[in-house]
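>>> no sequence for this one, just the structure:
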């Protein structure tokens, strides 16, 4: 697993187009944001259980 962190100064503004990225889905299949072009997408991150959020 690759972990990335960002500072507040590098966060996107609301309404900004998200950069294209690729992640493994819950079945381990690579899925790209590009796969959803033209569709509504909700990106939701949350901290790992037991970590400060």
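Right, received. Where do you want to start? Predicted, not measured: the structure shown is a model, and the values here were computed from it.

>>> what's the following helix or strand after the one helix or strand in the chain whose mean pLDDT sits lowest?
Of the helices and strands making up the chain, the lowest-confidence element is strand 22-24, at a mean of 90, by mean pLDDT, DSSP states H and E. Along the chain past strand 22-24, the next helix or strand (assigned with DSSP states H and E) turns out to be strand 30-32.

>>> Any buried residues in that next one, and which?
Burial within strand 30-32, assessed by neighbour count using 16 or more other Cβ atoms under 10 Å, is assigned to no residue. Heads up, the C-betas are built off the backbone N, CA and C, glycines and all.

>>> how much space between the closest residue to residue 22 other than its chain neighbours and residue 43?
Nearest residue to residue 22 in three dimensions, chain neighbours excluded: residue 32, at 4.4 Å (Cβ to Cβ, 6 or more residues apart in numbering). The gap separating residue 32 from residue 43 is 13 Å, by Cβ to Cβ, to the nearest Å.

>>> again, but for residue 51
Residue 51 is 19 Å from residue 43, by Cβ to Cβ.
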